[in-house]
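>>> Sequence first, then the predicted structure, then my questions.
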Amino acid sequence: MNRIRLLVLNAALGPLDYSVPNGARVEPGSVVIAPLGPRTVTGIVWDEGRLPGSEVPASKLRPIREVVSVPPLAEPLRRLIEWTADYYCAALASVARMVLSSGGALGGPTTMTEYRLSGGTPERITPQRKAAIEALDGEQGTIRELAGIAGVSEGVLRGLVNQGVIEPVQVAIDRPYPPADPDFHQPALSGEQLNVAKTLVKAVEAKKFTPVLLDGVTGSGKTETYFEPVAEAIRLGRQVLVLLPEIALTENFLVRFEQRFGTPPVLWHSSLKSTERRRAWRAISEGSAQVIVGARSALFLPYAKLGLIVVDEAHEVSFKQDDGVRYNARDVSVMRARFEDIPVVLASATPALESLHMAQTGTYKLLELPSRFGGAQLPEIKLVNLTEEKPASGRWLSAPVIHALEERLSRGEQSLLFLNRRGYAPLTLCRNCGHRFQCPNCSAWLVEHRLSARLACHHCGLETAPPDTCPECGEGDCLVACGPGVERIADEVAELFPEARVAVATSDTLGNPERAAEFIAQAEAKAIDVIVGTQLVTKGFHFPELTLVGVVDADLGLEGGDLRAAERTYQQVAQVAGRAGRGAKPGEVLIQTRHPDAPVIAALANGDRDAFYAAETEARRDAGAPPFGRWAAIILSSEDEKEAREAAVRLGDTRPHLDDLYILGPAPAPLALLRGRYRYRFLVNARRSANLQDVLRQWIDAHTFAPGVRVGVDIDPYSFV
Ligand SMILES: Nc1ncnc2c1ncn2[C@@H]1O[C@H](COP(=O)(O)OP(=O)(O)OP(=O)(O)O)[C@@H](O)[C@H]1O
Ligand SMILES: [Zn+2]
């Protein structure tokens, strides 16, 4: 092959043709560096005929510069890249970037310099130096990474290097990972677990595309059960990918993995250091990394010999990526398994309706774990009708919940209060003039965080100190908090029970693996009596002494225009309820609600999962919603309101008129301003017969938009803001 076509990693460029110099060897999937004007680009050699582009005469072809010494991307992965770009209306280059997501892996030296404290003291100590030395105890990394950890400038650290307080160390980047032992500690499985495990092990051995829904109640031991096919894959020398929705859950998982296999798995997530990224990427692409545990981005890595994919807590919304390539890792996992011809297991106690439907119609194999492990019983669930049991003014906990907390405290058992709202209060206003504190960049209120003494926007990350006086009327000491967040509930518990040890568990307090590990250790050691948490604590955690779960406001998720609101409420409440009574002592769940008769709430109270799914299925069928029809969202945004509106109106003017596809909009998006951009939205509802993506592409591609306008297409959206 002398002429090659490259998929270059730059979404602004189309495919480009090059020649291969004598002596160089490339094949489809080879990663190469090619000249582009005065610079170079990274590209992937693509299969002939699968990437249309304009023919360049042979005389004009420039030779590629270099073939990168990494294994070529295998055919199944190339097909996955194409499928993902096509299905989600994304650029091929943007998808390919997720595969080559470790720039460092593609070249450079195999050793690098990291830095750490030497134990010496500086000649002159400044507050910054002192803080840096304290923060860097036990840390090692590049200067930039250490500066991030210590919260000081790189200059401060270089000063300390010059003084010998921080010393360089050479590290070998690509040292191998210790091998996992599939037989390190095999637990005795229950009969139910054993049946499921056997079926999964067989599927791994068969090495055929087998999508499985592992539907097991909370505490049934789904993890222990799917560890068996993981072990089998290790024995057969194949790789396993386990996707988890949340970094806070990884910690918990790592401990259990190590108990089972004698060594931790290989981790992949966005906060890995660049050296760890490179090491993992290369081990994955060479096949020496056996089990990879990661966030959704791990799905696109170039596994050399993948034998099994597990998506744990597969119903979780965080598998959906909402920027860049807007994909759902749960669905793409199934496609990857199909291209690789291997089994994929979606594990959940509250499967997505789409997954359940696939299982019921026989597209997925359904495996069930209907009872909790070790004879533990599912908790008893009761509703507290807030219209009758009114909390005291300015309070949020009703008498039955307070009473139940008191009982747990006196018995030395643990309780969990769930409210899916970070911070102290969702809205702050001025007592004097009524001014509401709003984000200047977003159509959203600023949320008060008392633990960090900040007003924060949960959409753009803006943070400011609460002002002493109202910026509107100038009155001092006038701010009032409206509504509860977890911090406020924690305060209420502390006032009611001053002796109780209360912990707030949210992404603010458990945002990194170390803090999550500390929280788990404290909860397990019974150093915490009451946990107040957001959706972060609804899943995965296993605290045997936790016997009470209180849902502070079950109605919260039902407000707003989210098409999946009922399902999400059901999943969240069922999951958090599932944290109660997982050990020997029975659990109790109290759900505070103003709408005890709403179908979701009633189904939760009756523990009638089937009734909920049946009702929701019918509602979706009527609405033509997934899985019976499909949704897509188109968001047009610009920093200029008028420009965004006009672009949306113009696009609306040429909307296609089809029998099996309805287009609503344009209308200002619910979040009409986000990160300084004004947003207009179309919602598209299509029957399954419609060729949704082609219609959208043709419609949108016929327009040229002003340079300031961004057009985002979201297929199967989860976010409706
Ligand atoms: N066969 C077994 N032998 C010993 N311990 C087990 C076994 N199966 C499950 N367990 C233990 O039971 C507890 C619950 O299991 P696990 O967390 O895997 O359940 P789960 O189904 O994932 O629950 P959830 O969906 O609520 O997170 C864990 O502490 C686990 O170690
Ligand atoms: Zn904002």
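In hand now; what should we look at? Numbering: from 1, shown residues only. Ligands and ions are numbered 1, 2, ... in the order given.

>>> tell me the pLDDT at residue 109?
For residue 109, the pLDDT comes out at 60.

>>> try residue 144
86.

>>> same deal with residue 1?
Reading off the model, residue 1 has pLDDT 51.

>>> Could you do residue 552 as well?
pLDDT at residue 552 comes out at 97.

>>> my guess is residue 637 meets residue 673, correct?
No. At 9.3 Å, residue 637 does not count as touching residue 673 under the criterion of Cβ atoms under 8 Å. Placement of C-beta: from N, CA and C, glycine included.

>>> Overlap in contacts, those two.
residue 679 (Cβ atoms under 8 Å, 6 or more residues apart in numbering).

>>> burial measure for residue 95, as a count.
24 (other Cβ atoms under 10 Å).

>>> Next to ligand 1, which bits of the stretch 451-600 of the chain? Give me the list.
539-540, 542, 578 (Cβ under 6 Å from any ligand atom).

>>> Point out the least confident one among these.
Lowest pLDDT among these: residue 540, 73.

>>> Now it: closest residue in space, sequence neighbours ignored.
Nearest residue to residue 540, sequence neighbours excluded (Cβ to Cβ, 6 or more residues apart in numbering): residue 249, at 4.3 Å.

>>> ok, now residue 430?
residue 470 (4.0 Å).

>>> quick one: the one you found and residue 432 touch, right?
Yes. The criterion here is Cβ under 8 Å, and residue 470 meets it with residue 432 at 6.3 Å.

>>> Please enumerate the shared neighbours of these two.
In contact with both residue 470 and residue 432: residue 478, using Cβ under 8 Å, 6+ apart.

>>> So these two - more neighbours on which side?
For the pair residue 470 and residue 432, the greater number of neighbours falls to residue 470 (20 against 17), based on other Cβ under 10 Å.

>>> picking that back up, list the contacts of the residue nearest to residue 540.
By Cβ under 8 Å, 6+ apart, the contact set of residue 249 is 313, 516, 539-540.

>>> give me the element the closest residue to residue 608 other than its chain neighbours is part of.
Closest residue to residue 608 apart from its sequence neighbours, by Cβ to Cβ, 6+ apart: residue 602 at 8.0 Å. Residue 602 belongs to helix 599-605 when elements are defined using DSSP states H and E.

>>> roughly how far out does the next helix or strand after that helix sit from the chain middle?
Proceeding N to C from helix 599-605, the next assigned helix or strand is helix 609-623, under DSSP H and E. When C-alpha coordinates are averaged (Cα atoms, centre = their mean, to the nearest Å), helix 609-623 and its chain have centres 26 Å apart.

>>> Likewise for stretch 442-460?
Put simply, stretch 442-460 sits 21 Å off its chain's centre (Cα atoms, centre = their mean).

>>> before we move on, the earlier item: and the gap between the residue nearest to residue 540 and residue 223?
Separation of residue 249 from residue 223 (Cβ to Cβ, to the nearest Å): 11 Å.

>>> ok, now residue 288?
According to Cβ to Cβ, residue 288 and residue 223 sit 24 Å apart.

>>> higher neighbour count, the two?
Using other Cβ under 10 Å, the more surrounded residue of residue 288 and residue 223 is residue 223, with 20 against 15.

>>> For stretch 592-599, buried residues please.
592-593, 595-596, 598 (16 or more other Cβ atoms under 10 Å).

>>> quick revisit: which among the contacts of residue 249 gets closest to residue 705?
Checking the contacts of residue 249 against residue 705 by Cβ to Cβ gives residue 313 as the nearest, at 38.2 Å.

>>> returning to what we had before: tabulate the residues of the stretch 451-600 of the chain next to ligand 1 (JSON lines), appending distance to ligand 2.
As requested, these are exported to JSON lines (distance: Cβ to the ion, whole Å):
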{"residue": "539", "distance to ligand 2": "27"}
{"residue": "540", "distance to ligand 2": "29"}
{"residue": "542", "distance to ligand 2": "36"}
{"residue": "578", "distance to ligand 2": "34"}
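
>>> now the residues you listed in CSV, with secondary structure?
CSV is the format used below for these (DSSP: H, G, I helix; E, B strand; the rest coil):
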residue, secondary structure
539, coil
540, coil
542, coil
578, coil
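
>>> Identify the residue nearest residue 115 in space, chain neighbours excluded?
Nearest to residue 115 is residue 166, by Cβ to Cβ, 6+ apart, at 5.1 Å.

>>> give me the number of residues near that neighbour?
Neighbours of residue 166 using other Cβ under 10 Å come to 22.

>>> these two touch, right, it and residue 160?
Yes. Residue 166 lies in contact with residue 160 (Cβ under 8 Å); the separation is 4.5 Å.

>>> No further questions, thank you.
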